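[1] What shape does this take:
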Amino acid sequence: MFFMSILNQKTLNSSVKFDGVGLHTGKKVSINILPSEPNTGILFKRTDLKNNNIIVPNLYNVSNATLCTTISNEYGISVSTIEHLMGAFYGLGIDNALIEINSQEVPILDGSAKNFVEKFLEVGFKMSEVPIKLIKILNKISIEDGSKYIEIDKSNVSLDIDFEIKYMKSLIGNQKNKINVYENDLSEIYNSRTFCLYEDVEKLRNIGLAKGGSLDNAIVVKGDEVLNHEGLRNRLEFVNHKILDCMGDLYLSGYKIIGSLKCSQGGHSLTNKLLREVFSDKNNYSIFEIKEKSLPHAYINKSVLKSIA
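    The predicted model follows:
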């Protein structure tokens, strides 16, 4: 069971490396994820470039949110499809890491965060004495875009994500799931793969996307059939993957969030719009630092977060 430790900042015990291809570029790519000091946060470094090659995964640095999340620095240097890796960082409570990457897109691996999480758990974590920073949502924020909507409201001690998707003419249908990011077992969230409809594959490739996509790294649905031989990994894999994406995109806030989020048919762009709206007014949130030493997760509600509810 993979639970988030949310009291003190932590990083990896040692570096980990992943090789693969970019989902949309189709290019081979390697990333090396290194431990980092407290308060440095998550940073991407384009090692294929000599200058101006640091990109901060920050909500204001999102330069494109079509089908994936792309971040860019002030010099136009970018990294795309960061959401699965960022979701793994968020879920495992990894506050500080340097990601060295030799191309413009994070490798898709198997289309989920499973490989990231397994490797991170294998090397383990180094805890610091530096408290994490949390933001507590104070006001309800809602955004609508046609049939899509997203909202976040106050919560006592948790981050709840209540997500819904609707695919009327396919096997996917309507799926809903609700999780508590800080207390639930997130195994099925991490293991859930990206997906697409069969009829959209050619359309994506015609506009220069999904060049690295295959049945090895995405679920493909044709009518009432999943084309992947192994089928689905869990009953709610489609909506669970959307929750993984949402977690990764929320981490662009730079904080652990205490709030209650609801979303219907949303995606990367809508989540980024929500964060921008939250941070547009300081009355929408408050920032806390947990001063106490790290405690077992089961005691958080009773002893620590209760005091800031």
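[2] sec struct for residue 60, please.
    Assigned by DSSP: H, G, I helix; E, B strand; the rest coil, the conformation of residue 60 is helix.
[3] For it, give me its contacts.
    residue 276 (CB atoms under 8 Å, 6 or more residues apart in numbering). (Glycine included, C-beta is placed from N, CA and C.)
[4] again, but for the one 5 residues further on
    If you count contacts by CB under 8 Å, 6+ apart, residue 65 has them with 267, 268, 269, 272.
[5] what's the answer for residue 83, then?
    Residue 83 neighbours (CB under 8 Å, 6+ apart): 68, 69, 244, 245, 248, 249, 268.
[6] Just the ones in helices from those, please.
    244, 245, 248, 249, 268 (DSSP state H).
[7] most neighbours, which of those residues?
    residue 244 (30 neighbours; other CB atoms under 10 Å).
[8] How much space separates that one from residue 117?
    10 Å (CB to CB, to the nearest Å).
[9] overlap in contacts of the two?
    residue 190.
[10] didn't residue 143 look like it was pressed against residue 149?
    Yes. The pair residue 143 / residue 149 is scored as a contact, 6.7 Å apart, by CB atoms under 8 Å.
[11] Common neighbours of these two, please.
    residue 270.
[12] what's the first-to-last distance across stretch 98-117?
    16 Å (CA to CA, to the nearest Å).
[13] Which stretches in the stretch 101-250 of the chain count as helices?
    Taking DSSP state H, counting those that start in this stretch, the helices of the stretch 101-250 of the chain run over residues 114-123, 187-191, 198-206, 237-250.
[14] Pick the most buried one from those helices.
    helix 237-250 (a mean of 26; mean count of other CB atoms under 10 Å).
[15] So which other helices or strands are in contact with that one?
    helix 83-92, strand 159-167, strand 173-180, helix 187-191, strand 195-197, strand 256-264, helix 268-278 (3 or more CB pairs under 8 Å, 6 or more residues apart in numbering; DSSP states H and E).
[16] Check these for me: which has the lowest mean pLDDT.
    Lowest mean pLDDT of these: strand 195-197, a mean of 92.
[17] rewinding a little: compare the helices of the stretch 101-250 of the chain and report which one is nearest to residue 134.
    helix 237-250 (12.5 Å; CB to CB).
[18] Using PDB, write out the CA atom coordinates for the closest one.
    The C-alpha trace of helix 237-250 is given here as PDB (Å, rounded to 0.1, in the frame of the first residue of the first chain):
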ATOM      1  CA  GLU A 237      -8.800   2.300 -15.000                       C
ATOM      2  CA  PHE A 238     -10.000   5.100 -17.300                       C
ATOM      3  CA  VAL A 239     -11.200   7.500 -14.600                       C
ATOM      4  CA  ASN A 240      -8.300   6.500 -12.300                       C
ATOM      5  CA  HIS A 241      -5.800   7.600 -15.000                       C
ATOM      6  CA  LYS A 242      -7.600  11.000 -15.100                       C
ATOM      7  CA  ILE A 243      -7.100  11.200 -11.300                       C
ATOM      8  CA  LEU A 244      -3.400  10.500 -11.800                       C
ATOM      9  CA  ASP A 245      -3.200  13.300 -14.300                       C
ATOM     10  CA  CYS A 246      -5.100  15.600 -12.000                       C
ATOM     11  CA  MET A 247      -2.700  14.900  -9.100                       C
ATOM     12  CA  GLY A 248       0.300  15.600 -11.300                       C
ATOM     13  CA  ASP A 249      -1.200  18.900 -12.600                       C
ATOM     14  CA  LEU A 250      -2.100  20.000  -9.000                       C
END
